[in-house]
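# need a 3D model of the following:
(4 chains)
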There are 4 protein chains.
Amino acid sequence: MIKVGVIGCGTIANAAHIPSYMKNADVEIKYFCDIIPERAQAAVEKYGCGVAVTNYHDVINDPEIDAISVCTPNRMHPVITIDALRAGKNVLCEKPAARTYAEVEQMVQAQRETGKILVIGVVNRFNDSVRKIKQYIDEGRLGTVHHVYVSFRQHRSIPGLGGAFTTKEIAGGGVLIDWGVHYLDIVMYCCGDPKAVTVSGETFSKLGRDIKGYTYRKMWAGPPKLDGVFDVEESVTGLVRTEGPVITLNGAWAQNIDEKECYIDFMGDKAGIRLQYGGKFTLYTAEYGALVNYTPDFEMTDMFANEINAFVDYVQHGTPMPSKVETVAVTAQLMQALYDSAAAHREVVL
Amino acid sequence: MIKVGVIGCGTIANAAHIPSYMKNADVEIKYFCDIIPERAQAAVEKYGCGVAVTNYHDVINDPEIDAISVCTPNRMHPVITIDALRAGKNVLCEKPAARTYAEVEQMVQAQRETGKILVIGVVNRFNDSVRKIKQYIDEGRLGTVHHVYVSFRQHRSIPGLGGAFTTKEIAGGGVLIDWGVHYLDIVMYCCGDPKAVTVSGETFSKLGRDIKGYTYRKMWAGPPKLDGVFDVEESVTGLVRTEGPVITLNGAWAQNIDEKECYIDFMGDKAGIRLQYGGKFTLYTAEYGALVNYTPDFEMTDMFANEINAFVDYVQHGTPMPSKVETVAVTAQLMQALYDSAAAHREVVL
Amino acid sequence: MIKVGVIGCGTIANAAHIPSYMKNADVEIKYFCDIIPERAQAAVEKYGCGVAVTNYHDVINDPEIDAISVCTPNRMHPVITIDALRAGKNVLCEKPAARTYAEVEQMVQAQRETGKILVIGVVNRFNDSVRKIKQYIDEGRLGTVHHVYVSFRQHRSIPGLGGAFTTKEIAGGGVLIDWGVHYLDIVMYCCGDPKAVTVSGETFSKLGRDIKGYTYRKMWAGPPKLDGVFDVEESVTGLVRTEGPVITLNGAWAQNIDEKECYIDFMGDKAGIRLQYGGKFTLYTAEYGALVNYTPDFEMTDMFANEINAFVDYVQHGTPMPSKVETVAVTAQLMQALYDSAAAHREVVL
Amino acid sequence: MIKVGVIGCGTIANAAHIPSYMKNADVEIKYFCDIIPERAQAAVEKYGCGVAVTNYHDVINDPEIDAISVCTPNRMHPVITIDALRAGKNVLCEKPAARTYAEVEQMVQAQRETGKILVIGVVNRFNDSVRKIKQYIDEGRLGTVHHVYVSFRQHRSIPGLGGAFTTKEIAGGGVLIDWGVHYLDIVMYCCGDPKAVTVSGETFSKLGRDIKGYTYRKMWAGPPKLDGVFDVEESVTGLVRTEGPVITLNGAWAQNIDEKECYIDFMGDKAGIRLQYGGKFTLYTAEYGALVNYTPDFEMTDMFANEINAFVDYVQHGTPMPSKVETVAVTAQLMQALYDSAAAHREVVL
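Model (predicted):
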């Protein structure tokens, strides 16, 4: 039995971390922490356990606490994570690790110094489709994967326009750091975490700028904050050469194309796979002179529960997870290079 | 009435140039020239006019000839074109202009020196959808077009594997120079022929290498030549910064993804357009607080006939065409830079 | 170039053997032989070559003839084949090899004595689906194939009721020897020609007995001969243990179930395949915890042309075929045992 | 009014026996007996009547009890049934009667000695489709039924892999004894309970052996018991000659063919019937020179209620049922012979 504190009681905490902890018989949630007292208190009442606090130091200074989940806006990820590690706690920090690669490096450093567990919530590493694709690639079923195309394009999906998601000071970036991190992490995980060699990117901030005039069907993490800030990218494109495959990417929270194209194409010389993000995948190959396509049929388990259970197991028994901070730092570096390249309008060589 | 010689009597001559000349009342085809005598003779018999010759000098040395169409494999484009210009002939040369940018520069030079007409067969500039899109963009309906995504991806479409199309010495390149030239030319035309600034590309030659083992449904320009050559790219990806929009591109004659995705997305801050290559287009925008999508309904005319008629008009009356060699050279330079970047695995700055 | 005689100019000769010989540049058909003179003459006129004869000895006694096709009713298969072999000719004999296993043994004996080529027209060994299935099984993709279910059931398909097909003296049997021979041969070929160990069968002759009262939609090899003979089985069932898989079979030219179920299920411990007879196949397996089904997409070539071309190649260059008489004799023995078991109403142990 | 004890309070008791008794006004359930006390108690609470006991002797030693239902795993069927008969109780014992024919013979013997009622839960004898088919056959509408094909094949339906269903010591067998018993009993019932003459069968245990690796969509009677036992057949094939029709059968709880084919074909010389197991049936015949197919349209009543009501009526008024143990013993003997034949790999002659 371990005791856990959840820091930040917003959407991701309530939708993923807390329910998964509640279902794990080896966990007791001792603290719900949020700078908004009402949110912490609401969690205590909803889940029927724990204490509501507003200062995260109350959580990390409690000697009974074994581990914490960091579910705050991105800005606070490195601050709380590093404080917690130094206080001797094990940490599961939501993605992205931080706003910048420099911050992620500090987190890696703190983990090394303390020897405590630090994993990042790149939850797709616990998704059944992703895990299967990794197996197909690892076992050579695709041959050499030479090119990956990553598409995370939607028509009108800026989250909470004007709020934390679209404020660079808080979020660190826009669609790349928010959605792209998942897609790039999937590519990295499935392709063996290859290092980036050259990175070229461009980012665009057009549709979100006119906060009042932005037209949309529904807004998640909304509603718009008309006097808020929009200084992050709403769309991005890039070309990355790695030690493994070349990666081409297009992403958009918002674009003037009303199509939803959210998938990853892993293109190998023996076979290819298209993963529909969040769903199943289709494998395309040729064998014995015939073209063959199929979509494996399997049950999808809850990736958040898988992640939390693996974290609890890691804390209790030392079983390593594939989402350790030093692994995730590779993607953080890649995203940083995309932002740097976009600022310079030139390719970055790492 | 002008007199014309058609040099090269293969697929593109018979499918496009000759029938269009035949329909134009101001044209008489005097020569059908092909190094394979039977092909030249077959044209004479099929169209009931002209003389069959095998040496193109017989055509360009005839003082009665006003203009020629160059419809040979790519390797001969600059050779015949330059000879013809120097012989005082006006020239419509099929796309791509040549195998390399250096050759295209020589063609531009020869045109300048001779003052004769030299247009390249970038026939999409005479396509009704493309012409309309150019109007939308020119009139500001899309606002600023900041990003264009170009997709020319098919599953199994290597042409005549092992033959002229897949032999670099003859064709100069693979899917980029064969299909990409059309797509990039459309982008260039619609966006005002912006100069490329940085170019990064990668090319792949995987599926076609095993000529015997390559599996396909049907092969155009086929059948495979089992002892032939495959030394061109079957797929390509790239990121191009121009003085206008950023261009991202993915192209494949062959890939292990069984989807056909052949379109161009023009993404502006006021509206966007998706053009289905060879078909119609849809415009996406927002107005008066509402999201608006529509697909204009119009009759498509024959773009080859439009092109030939414009060429005849140019020769007869001096009416300029948008496909002059110096304009097309911009795309040739861009493609050359993509190949150079792919060879160096680094971005090229122009 | 080889010279060929076709003996028997009925359906199978005109639909398969003759057109395939005509398309093969290494073959000249010298004789069309049929006991009905009009049929032989019609072939000469239709194909514009050869001589019409009615006595097959005229063919096999011509020293110029290299090979013959035997396309007569089953009764004459062994007679003509053995005579031809003894006359020094190579023979492609239509399936089934003969009416009984005893006759097939005589054919095997004659082949051994003469050293000439004798192949049987088990044409499915030249079918693309069948050849692919054999590859899947040979390469272990199905694991061990432990059970095969063979279904060749149709509602109303007795051929030429009352005629040669339904007269035991001529045909040797009914649906088992006519259709079953193909299905069993496919099973044998794909599973490595395993020997039968125990054979139990039952045959039924019910619906065809009342020749006048038999109701049907269309009749192939028809029309019914109202004063003819029906003394063969119209349906059959059986269970066969072999050194490889167990085979269960149900077949019907006619049954009071209006379903067409013509397929073979190869059931292995790693994967299974259902072959739709004459068509494509679907593979069913599980990998990485997911259930996977797919139908390979490939072009079907003409199996009769493949067979004839292989025969010509065998005669010219000695390239062996998988349809040699000693291989086909295994299936003949199995079918004989099914008939014997049906007569005794007891299992036969081989 | 009769008093009843239900012994075994698992799935079949709760889904069928108890609700049917509850709806019958002439019945009072006095005991719910289960070796798991919580299951017995749960029944008492759910149905609001009876006493919970764990020892079945408490039930059969109560002089007030008129009849019992035996709803335990197969192993206990003969034990409890024989004890109950000897204690003077009437018994409805779930199917299969027992694990082996030897045990069934003891049950028959005990019934004879005691004169009490012993019926087996071959509930399809109370199914409306089955009862109608029996009428069609009895009245000669199919002519002579010469062949029956029984297919009970599913893709992935092993119940509770590793548990009671797949442990031979408890269940006696796999898909044949669990599903096959129903199908064979339907055949027997409709065809007048003909004696088997020769029996040949083979059983297969392949897919279930790797309990961890077995892939499935859903598992009934699940979930898998990873450290459990799988020593029964998951698929079976057989050929049975009876005094009436020949029976061919294929059955699979699991197979590498993703088709569900669960039906019985009764093939007569005048007509045939295909019964979709658990559903309706279609009749195929010919009359007045026309082919005729039809699917009778009728309301299906609850076969379990029909069975229980018939049992109560039998106990109260002596009205015989078609499911008396001596009748069911014929099928038990047939299944035993299939298992014996599969073990010997030879036909068994009865």
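# strands of the stretch 51-200 of chain A, residue ranges please.
A:51-53, A:67-70, A:90-94, A:118-121, A:145-153, A:196-204 (DSSP state E, counting those that start in this stretch).
# pick the most buried one from those strands.
strand A:118-121 (a mean of 28; mean count of other C-beta atoms under 10 Å in any protein chain shown). C-beta: built from backbone N, CA, C; applies to glycine.
# just checking, what packs against that one?
Applying 3 or more C-beta pairs under 8 Å, 6 or more residues apart in numbering or on different chains; DSSP states H and E, we find strand A:118-121 packed against strand A:90-94, helix A:101-114, helix A:303-317, helix A:325-344.
# just the ones you listed: most buried one?
Highest mean neighbour count of the helices and strands packed on strand A:118-121: strand A:90-94, a mean of 26 (counted as mean count of other C-beta under 10 Å).
# what residues does the stretch 201-350 of chain A have near chain B?
A:201-202, A:204, A:206-207, A:215-217, A:235, A:237-239, A:241, A:246, A:248, A:250, A:255-259, A:265, A:267-272, A:274, A:284-286, A:289-291, A:293, A:345-347, A:349 (C-beta under 8 Å from any C-beta of the partner chain).
# so which of those are in strands?
Of those, the ones assigned to strands by DSSP state E are A:201-202, A:204, A:235, A:237-239, A:241, A:246, A:248, A:250, A:265, A:267-268, A:271-272, A:274, A:284-286, A:290-291, A:293, A:349.
# buried among those residues? Need that as a selection in PyMOL.
Those of those that count as buried under 16 or more other C-beta atoms under 10 Å in any protein chain shown are selected in PyMOL with:
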select buried, chain A and resi 201+202+204+235+237+238+239+241+246+248+250+265+267+268+271+272+274+284+285+286+290+291+293
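# ok, which of the ones in strands among the residues of the stretch 201-350 of chain A next to chain B also contact chain D?
The subset of those within reach of chain D, by C-beta under 8 Å from any C-beta, is empty.
# so residue A:151 touches residue A:250, yeah?
Yes - taking C-beta atoms under 8 Å as the definition, residue A:151 is a contact partner of residue A:250 at 5.4 Å.
# touching, residue A:327 and residue A:192? I think so.
No - judged on C-beta under 8 Å, residue A:327 makes no contact with residue A:192 at a distance of 10.7 Å.
# right, and the helix or strand after the worst-scoring helix or strand of chain A on mean pLDDT?
When the helices and strands of chain A are scored by mean pLDDT, DSSP states H and E, helix A:11-12 comes last with a mean of 92. Toward the C-terminus, helix A:11-12 is succeeded by helix A:18-23 as the next helix or strand (DSSP states H and E).
# flag the shaky bits of chain A, pLDDT-wise.
Across chain A, no stretch falls below the confidence threshold (pLDDT under 70).
# name whatever forms a beta bridge with residue A:149.
For residue A:149, the beta-bridge partners are residue A:248, residue A:265 (DSSP bridges).
# what residues are up against it?
Each residue near residue A:149 by C-beta atoms under 8 Å, 6 or more residues apart in numbering or on different chains is listed here: A:247, A:248, A:249, A:264, A:265, A:267, B:237, B:250.
# how about the fourth one: what's its closest non-neighbour residue?
Distance criterion C-beta to C-beta, 6 or more residues apart in numbering or on different chains; nearest residue to residue A:264, sequence neighbours excluded, is residue A:275 at 4.7 Å.
# so that neighbour touches residue A:295, yeah?
No - using C-beta under 8 Å, residue A:275 is not in contact with residue A:295, being 10.8 Å away.
# identify the contacts common to those two.
Shared contacts of residue A:275 and residue A:295 (C-beta under 8 Å, 6+ apart): residue A:281.
# looking at those two, which is more packed in?
For residue A:275 and residue A:295, the more surrounded residue by other C-beta atoms under 10 Å in any protein chain shown is residue A:275, and the numbers stand at 25 against 16.
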